[in-house]
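K.L.:
make a model of this:
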Amino acid sequence: MRANQVVAVAIALLLAGTAAGCSDDPAPSTAAADLGGTDRSTVREGGTLRWAVDAVPTTLNVHQPEATADSALLAHALLPSLFRLDTHARASADPDYLVSAESTPPGQRPQTVTYRLNPKAVWSDGTPVSAADFTAQWKALSGSDPAYHSDHPAGYAGIESVTQGADPHEVRVVLTQPYAAWRALFSPLYPAAVTGTPEAFNQPLADTFRTSAGPFTVAAYDAAGGKVALARNPRWWGEPAKAEELDFLAVPAADRLDALDQDRLDIAALTASVDHAVPAAGAGSAAPPDAAAAAEASAQALKRAEALPGLTLHRAAAAAFTQLTLNSSRGALADQAVRRAVARAVDRQKTATAALGPLGLKAAALGNHLLMTDQDGYRDNSSALGDTPAADLLDQAGWRANGATRSKDGKELSLTLLIPDGSATARRTADELAAELTAAGIAVKPQAVAPETFVAQHLATGDFDLALFSWPATGYPGGEDRALYAKPRPGPDGLPVVGLNYARTGSEEIDQLLDRAAAELDPAAQRDLLQKADARIWQLVHSVPLYQRPDLVAVRNSVAGAGAYGFTSPRFQDVGFLKG
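P.N.:
Numbering: from 1, shown residues only. Predicted coordinates:
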């Protein structure tokens, strides 16, 4: 899991999503994906699609620390992604790039992955996609050479060798130990010229990048003007792109409803536009200040989004989830019994309903830290907390009922709750959590802080008791989730290094279970390890998963192949304007 990706999601807006019922085989309450028109035969040739992004990326190299979600979006239109995730986060080889891809079976060492490349796959300069591209990317991302300024994504450090196989269209990758998420490697794949040397790799990959191997190439890159234009790749060998051009336009969330209404955009994510809608000047306020006005502004923004003429608001469960992190290194929460009491006092169903009901979304609680409800093997493991009521747990921990708030040794049980400022959904969630915990005798003080300081000044330093924020979900659980739950280890100064484990609690058993899951090539055996790890995370009360976030995306009714993707991603060659 890329550190800059997960931190970016942690401070992102908390427009939360819905999860399905808590069972082994759930039906999602919100669609796993919601796209407008997916049949290529209904899409006409030509036209320019206008797609909103937050900003023109400073780099298209998703492995550089400066990369953003917009970097990944554009890279997917330009570069090979060897595997595609479906709506249930199941990976399958993309036939545009792979004839086949096979790993040695579980138990056979060393693990060797053999890729059979599509012989038609070439870079836009005419160079065939080959083992040289795989080799250069492996060496750049493995971490063996510190001259490469990369965040070192998981998996590459465990590669022993990359070689050409029986012919130029075969690539063999040998790993030093089994790696279950091998399908996540080399996606996107960059040309060797971009990754082959530290000097090339470290350059901002933006306006000078013209070598693609996707359905589109870069035609214009104007950071100052806020526009990236992609044109059809004349060397593309797959099904031809329907749209003649894709214009990615930098439009702030606050301006997107107006831009859609004025016919300046065709596709725009509206989660932030709704969740962070700004109250009109002179709007009333309440305690806490402006909470009622912010909620009303969010509700009005949603109504406007739903009523935009000629557009449809698509909704799908996102590959991200909102959760409550408990800081085990601070005050009363250092006691596991108190953390269990907090978790037992939280009604996840009521919390999800309070957060999502005003958005018109059916909500259900999320019961797993590692798998989302749409994923194979999902199971609600919250029963691992036990059935002891919160009141009994607090009694056992010495926190006695004394008026509205419990106390111990003359000190009240009062906790801060960190939330991102400006998020209407986060405020609704925090208010419901505060009500539930107050009923259990635990006083809660919501503390809204600016998103830009949320991680660095609070999560990273431990300056909080409870924190409400979101993490990305992954199609490759186990190894990619490990950083969130890994037991903090002492650093050179003797102090624990928490990394991304802001709860500051963990165990050797959880680390071992996640390590085993990351190395388990048998899907059923891996799921069993993930369930065991999740149960231990519940028992330790590291955090309380609450609900999946949704994607809200407005798409013009004349556009096909676009919408809210969930775990999937755009098939850019299919996106275009409907016939007639």
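K.L.:
and the residue most central in space within the chain, bridged to which residues?
P.N.:
With the centre of the chain defined as its mean C-alpha position, the nearest residue by CA atoms, centre = their mean is Pro472, 2.7 Å away. When bridges are called by DSSP bridges, Pro472 pairs up with Ala320.
K.L.:
next: Tyr115.
P.N.:
Here Tyr115 sits in beta bridges with Ala101, Val171, as judged by DSSP bridges.
K.L.:
quick one: Gln447 and Ile419 touch, right?
P.N.:
Yes - in terms of CB atoms under 8 Å, Gln447 counts as a neighbour of Ile419; the distance is 7.0 Å. To be clear about C-beta, it is placed using only N, CA and C from the backbone, and glycine gets the same treatment.
K.L.:
more crowded one of the two?
P.N.:
For the pair Gln447 and Ile419, the greater number of neighbours falls to Ile419 (24 against 18), based on other CB atoms under 10 Å.
K.L.:
can you list the neighbours in contact with whichever strand or helix holds the more buried one?
P.N.:
Using DSSP states H and E, Ile419 falls within strand 414-420. Defining contact as CB atoms under 8 Å, 6 or more residues apart in numbering, one finds that strand 414-420 is touched by 11, 13-14, 331-333, 342, 405, 426-427, 429-430, 433-434, 437, 442-451, 454, 458-459, 464-469.
K.L.:
now with 6 Å, please.
P.N.:
Outside strand 414-420, the residues that touch it by CB atoms under 6 Å, 6 or more residues apart in numbering are 14, 426, 430, 443-448, 451, 454, 458, 464-468.
K.L.:
of these, keep whichever come out buried.
P.N.:
Buried residues within those, counting neighbours by 16 or more other CB atoms under 10 Å: 14, 426, 430, 444, 446-448, 451, 454, 458, 464-468.
K.L.:
most widely separated two among those?
P.N.:
Spatial extent of the buried ones among the contacts of strand 414-420 (CB to CB) is set by the pair Val444 and Pro451 at 20.8 Å.
K.L.:
which element follows the strand holding Ile419 toward the C-terminus?
P.N.:
Scanning forward in sequence from strand 414-420, with DSSP H and E defining helices and strands, the next element found is helix 424-439.
K.L.:
what segments of the stretch 201-350 of the chain are helices?
P.N.:
Assigned by DSSP state H, counting those that start in this stretch, the helices in the stretch 201-350 of the chain fall at 256-261, 271-275, 291-307, 336-345, 348-356.
K.L.:
which one of the ones you listed lies closest to Leu371?
P.N.:
helix 348-356 (15.6 Å).
K.L.:
what angle sits between the closest one and helix 424-439?
P.N.:
With axes from the mean of the first three to the mean of the last three CA atoms, to 10 degrees defining the directions, helix 348-356 sits at 150 degrees from helix 424-439.
K.L.:
picking up where we left off before, if you average pLDDT over the strand holding Ile419, what comes out?
P.N.:
The average pLDDT for strand 414-420 rounds to 97.
K.L.:
in that strand, what counts as buried?
P.N.:
Within strand 414-420, the residues that qualify as buried by neighbour count (16+ other CB under 10 Å) are Leu415, Thr416, Leu417, Leu418, Ile419, Pro420.
K.L.:
keep only those of the contacts of strand 414-420 that are in helices.
P.N.:
Per DSSP state H, helices hold the following members of those: Ala426, Ala430, Pro451, Phe454.
K.L.:
quick check, pLDDT for the third one.
P.N.:
Read it as Pro451. At Pro451 the predicted local distance difference test score is 91.
K.L.:
just the one 10 residues further on next, same as before
P.N.:
Model confidence at Thr461, given as pLDDT, is 96.
K.L.:
relative to Pro490, how far out is it?
P.N.:
Thr461 is 18 Å from Pro490, where distance means CB to CB, to the nearest Å.
K.L.:
now swap in Ala355 and tell me
P.N.:
As judged by CB to CB, Ala355 and Pro490 stand 38 Å apart.
K.L.:
just Gly214 next, same as before
P.N.:
Counting by CB to CB, the separation of Gly214 from Pro490 is 46 Å.
K.L.:
who's more crowded, the two?
P.N.:
Between Gly214 and Pro490, counted using other CB under 10 Å, the more crowded position is Gly214 (24 against 9).
K.L.:
touching, the more buried one and Ser81? I think so.
P.N.:
No - taking CB atoms under 6 Å as the contact criterion, Gly214 and Ser81 are not neighbours in contact, 8.6 Å apart.
K.L.:
residues touching Ala365, list them.
P.N.:
Contacts for Ala365 (CB under 6 Å, 6+ apart) come out as Arg348, Gln349, Ala352.
K.L.:
tell me the one of those residues nearest Ser92?
P.N.:
Checking those against Ser92 with CB to CB, the nearest one is Ala352 at 31.0 Å.
K.L.:
so how far is Phe321 from the closest one?
P.N.:
When CB to CB is the yardstick, Ala352 and Phe321 sit 11 Å from each other.
K.L.:
go on, Ser569?
P.N.:
The span separating Ser569 from Phe321 equals 19 Å under the rule CB to CB.
K.L.:
before we move on, what about Ala460?
P.N.:
Taken as CB to CB, the span from Ala460 to Phe321 is 21 Å.
K.L.:
check Arg344 too.
P.N.:
On the measure of CB to CB, Arg344 and Phe321 end up 20 Å apart.
K.L.:
so those two - more neighbours on which side?
P.N.:
With neighbours defined as other CB under 10 Å, Arg344 and Phe321 compare such that Phe321 has more, 25 against 22.
K.L.:
excluding chain neighbours, what is closest to the more buried one?
P.N.:
If you skip the residues right next to it in sequence, Phe321 has Gln548 as its closest partner in space, 5.0 Å away by CB to CB, 6 or more residues apart in numbering.
K.L.:
and for the one you found, the neighbour number?
P.N.:
By the criterion of other CB under 10 Å, Gln548 has 31 neighbours.
K.L.:
repeat for Pro188
P.N.:
Using other CB under 10 Å, Pro188 has 19 neighbouring residues.
K.L.:
excluding chain neighbours, give the residue nearest to it in space.
P.N.:
On the basis of CB to CB, 6+ apart, the spatially nearest residue to Pro188 that is not a chain neighbour turns out to be Leu79, at 3.9 Å.
K.L.:
quick one: the one you found from Trp236, how far?
P.N.:
Taking CB to CB as the measure, Leu79 falls 12 Å from Trp236.
K.L.:
any shared contact partners between these two?
P.N.:
Overlap of the contact sets of Leu79 and Trp236 (by CB under 6 Å, 6+ apart) is empty.
K.L.:
check contacts around the closest residue to Leu311 other than its chain neighbours.
P.N.:
Residue nearest to Leu311 in three dimensions, not counting chain neighbours: Ala554, with 5.0 Å by CB to CB, 6+ apart. Counting by CB under 6 Å, 6+ apart, Ala554 makes contact with Leu260, Ala268, Leu270, Leu311, Leu313.
K.L.:
confirm that Ala554 sits in a strand.
P.N.:
Yes - under the criterion used here (DSSP: H, G, I helix; E, B strand; the rest coil), Ala554 sits inside a strand.
K.L.:
can you give me the strands in the stretch 401-550 of the chain?
P.N.:
With DSSP state E, counting those that start in this stretch, the ranges of strands along the stretch 401-550 of the chain come out as 407-408, 411-412, 414-420, 443-449, 466-472, 489-490, 496-497, 543-556.
K.L.:
of the ones you listed, which is nearest Ala229?
P.N.:
strand 543-556 (18.5 Å).
K.L.:
who's in contact with stretch 85-99?
P.N.:
32-33, 80, 82-84, 101, 116, 118, 121, 183, 238, 374-375, 475, 566-568.
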